[in-house]
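Asker: Give the three-dimensional model of this entry:
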Amino acid sequence: MNKGINTLSQEQAKTLMESTWGLAQERDRQMLTFLLQTGLKISEFVRLNVGDVFTGRRVRRSAVIPGAKGKPSRKIPLTREAREAVAIILDFNRYQGVSLTPSTPLVISRQKNRKDGSYRITPRQVQRIVKTLREDASLGFKTTPQTLRHTFAREMLGHGGDMEVLQKLLGHRSIKTTRVLYGKSILG
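Answerer: Below you'll find the predicted structure:
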């Protein structure tokens, strides 16, 4: 793992998730779980719609992540933990009175988005949630949504995952990018 990359140990990830607070605490915990289980970029995560992960009757076993800026879409598997996180997020949305139509944002905000008038959570809101949780958990280093992505990569490689599979899951165009970021020491 590149020396400049922070990742969370399993204990730190647990501490971070246990520090959730407020009205939407369970939703926040499940957002963190989903990010740790999928390695999605924050921009990809906030663009997810209900239909990307839910058939209308059950949570999908994989999600198709649309490519940005001309990149092709990619399919990522949803682990049991990721599917459970989606189910709880959907329950939160129902409780908030949000319909679960395919085009509805997966993660909603309590505040209306000024740009498009929707209740889709923004990247900045996710960053603030992670920052607040990091402060509450008293982690000794900067923890961001990108830290969760790096933690996903470290966990995958640490459990015998393949570098080329990781490249596809993370959406890197080149295997070189993946190797530069994660090719040295996977255990930190």
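Asker: What number of residues are in the vicinity of Ala137?
Answerer: Residues lying near Ala137 (other Cβ atoms under 10 Å) number 19. No exception for glycine: its C-beta is placed from N, CA and C like everyone else's.
Asker: Local confidence estimate at it?
Answerer: Each residue has a pLDDT score; the one for Ala137 is 76.
Asker: pLDDT weak spots in this structure?
Answerer: 1-4, 19-24, 184-188 (pLDDT under 70).
Asker: The residue most central in space within it sits in which helix or strand?
Answerer: For the chain, the residue nearest the mean C-alpha position is Leu35 (2.0 Å; Cα atoms, centre = their mean). Using DSSP states H and E, the element containing Leu35 is helix 25-38.
Asker: Mind listing residues that contact the helix or strand just after that helix?
Answerer: Helices and strands here follow DSSP H and E; after helix 25-38, the next one along the chain is helix 42-47. Outside helix 42-47, the residues that touch it by Cβ atoms under 8 Å, 6 or more residues apart in numbering are 31, 34-35, 38, 65-66, 68, 105, 107, 120-123, 126-127, 145-146, 171.
Asker: let's go with 10 Å and repeat that
Answerer: The contact list for helix 42-47, computed with Cβ atoms under 10 Å, 6 or more residues apart in numbering, reads 31, 34-35, 38, 40-41, 52, 63, 65-68, 74, 76, 105-107, 109, 120-127, 130, 144-146, 148-149, 171.
Asker: Same check on stretch 7-16?
Answerer: So stretch 7-16 is contacted by 1, 6, 17, 29, 32-33, 36, 130, 133-134, 136-141, 143, 147-155, 158, 182, 186-188 (Cβ under 10 Å, 6+ apart).
Asker: Repeat that for stretch 141-149.
Answerer: For stretch 141-149, the external contacting residues (Cβ under 10 Å, 6+ apart) are 5-8, 12-13, 16, 31-46, 123, 126-127, 129-131, 133-135, 137, 139, 150-151, 170, 181.
Asker: Flag every buried residue along it.
Answerer: Across stretch 141-149, burial judged by 16 or more other Cβ atoms under 10 Å covers 143, 145-149.
Asker: Between those residues, which sits nearest Ala82?
Answerer: Closest approach between the buried residues of stretch 141-149 and Ala82, by Cβ to Cβ: Leu148, at 12.4 Å.
Asker: Run the angle between the helix or strand where that closest one lies and helix 25-38 for me.
Answerer: Assigning secondary structure by DSSP H and E places Leu148 in helix 145-158. Relative orientation of helix 145-158 and helix 25-38, computed by axes from the mean of the first three to the mean of the last three Cα atoms, to 10 degrees: 50 degrees.
Asker: Now find how far off-centre helix 145-158 is within its chain.
Answerer: Centroid separation between helix 145-158 and its chain, computed with Cα atoms, centre = their mean, to the nearest Å, is 11 Å.
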